[in-house]
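1. After the sequence you'll find the predicted model.
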Amino acid sequence: MPMASYHETTCKTALNRVRGMPFAWSLNPYRGCTHGCHYCYARSTHTYYGMSVGKDFSSKIIVKTNFVESLRRELQSRSWQREPVAIGTATDAYQPCEGRYRITRRVLEALRDCRTPASVVTKSTLVLRDADLLAELARVADATVYFTVTTLDPDVWRAVEPGTPPPAKRLSVMRRLVDAGVPCGVFLAPILPGITDSADSIDAVAAAAKAHGAISFGTSVLRLAPLVREHYLGFVAVAYPDLLPRYERAYRGTNIRPDYLAAMERRVARIRERHGFAADAMRDRRPPSDRGAHGAVTASGTARQLPLLMSLRGG
């Protein structure tokens, strides 16, 4: 991985309004990510800053230094309705520079103080540092941490996610968060055709998720939007050259063909059932604002965030 440089900037707002999705707001204190996952959908967003989707994305990290101050102003507004917030939809909020800047920790403090429910998607073990705040937020509003684990194969992990902690360490940290009172789930996202899509590979991740205390297990299949497609296929050409013709045939556009998606859905459903993961495993983790009278669960809330969060952070 190339050495990273950090480019400090300021933002006008912290909360990003999201439309047409199960959650209304997202927070991304950083842009770019030193994890360098080759499939990451967010690579294309780096072009907004005049940077490339390749080395620039994983080595030139944008840091929003006034992020927390902006967030507190927005959360303290009379118009704020304490709607669920998704943290890390376009970058991992716990990538290594968080150890220096500590923006995400201060974000959690602001959310706790304003009793705003939140979810975090991460591959980082640094999230364990904030177990205290996540547990507090879970008590006063709602908080869930989703760990992305695409494979347990060490060779595949090193190839596709070169800057991330080993999957076993992520799972160990998840267990410690669960024991600290923080509900956690696992995303196998994305499923990479020909690389991580076998029944054995998916089953191994699901079994590990259950063994480490996950209360949900979700998946999504690789999507290849423009620019990300070119980067990912370049990676495949080097790391898995025998698969390149298959990818070129399968991905004429952003999504793989429907029959493959249907087959994966059936495979995952069998595996999820085998390990006792319900499709609505997060239903009882709804924030209070999404419950009806006497705590009855309504049709909105954290559980409905699962598919969107998988696609957003899984690529």
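-> Nice, thanks for sending it over. Residues are numbered from 1 along each chain as shown.
2. Provide the strand pairings for the helix or strand harbouring Thr144, with the direction of each partner.
-> Element membership for Thr144 (DSSP states H and E) is strand 143-148. When pairing is defined by DSSP bridges, strand 143-148 lines up against strand 118-122 (parallel), strand 184-191 (parallel).
3. Let me have those in JSON lines, extended by distance to Ala239.
-> Placement of C-beta: from N, CA and C, glycine included. What follows is these, written out as JSON lines (distance: least, Cβ to Cβ, whole Å):
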{"stretch": "strand 118-122", "distance to Ala239": "24"}
{"stretch": "strand 184-191", "distance to Ala239": "16"}
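4. Give me the buried positions along the helix or strand just after the strand holding Thr144.
-> As assigned by DSSP H and E, the chain's next helix or strand after strand 143-148 is helix 154-160. By 16 or more other Cβ atoms under 10 Å, the buried positions in helix 154-160 come out as Val156, Trp157, Ala159, Val160.
5. contacting residues for the second one?
-> Going back to what we said before, that points to Trp157. By Cβ atoms under 8 Å, 6 or more residues apart in numbering, the contact set of Trp157 is Thr150, Thr151, Thr164, Pro166, Pro167.
6. Same question for the first one.
-> Each residue near Val156 by Cβ under 8 Å, 6+ apart is listed here: Thr150, Ile195, Thr196.
7. Most neighbours out of those, which is it?
-> Comparing these by number of neighbours (other Cβ atoms under 10 Å), Thr150 comes first, having 29 neighbours.
8. Would you format the strands paired with strand 143-148 as CSV with mean neighbour count and distance to Arg252 included?
-> What follows is these, written out as CSV (neighbours: other Cβ atoms under 10 Å; distance: least, Cβ to Cβ, whole Å):
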stretch, mean neighbour count, distance to Arg252
strand 118-122, 26, 29
strand 184-191, 26, 18
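9. would a markdown table of the ones you listed with mean pLDDT and distance to Phe217 be doable?
-> A markdown table is the format used below for the strands paired with strand 143-148 (pLDDT from 0 to 100; distance: least, Cβ to Cβ, whole Å):
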| stretch | mean pLDDT | distance to Phe217 |
| --- | --- | --- |
| strand 118-122 | 96 | 14 |
| strand 184-191 | 97 | 5 |
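10. Of all the ones you listed, which one is nearest Glu8?
-> strand 118-122 (22.1 Å; Cβ to Cβ).
11. Can you name the element that comes right after the closest one?
-> Sequence order places helix 131-140 as the next helix or strand after strand 118-122, per DSSP H and E.
12. got the angle between that next one and strand 143-148?
-> Counting by axes from the mean of the first three to the mean of the last three Cα atoms, to 10 degrees, helix 131-140 lies at 130 degrees to strand 143-148.
13. what sits up against helix 131-140?
-> 105, 108-109, 111-112, 115, 117-118, 120, 127, 143-145, 176-177, 180-183.
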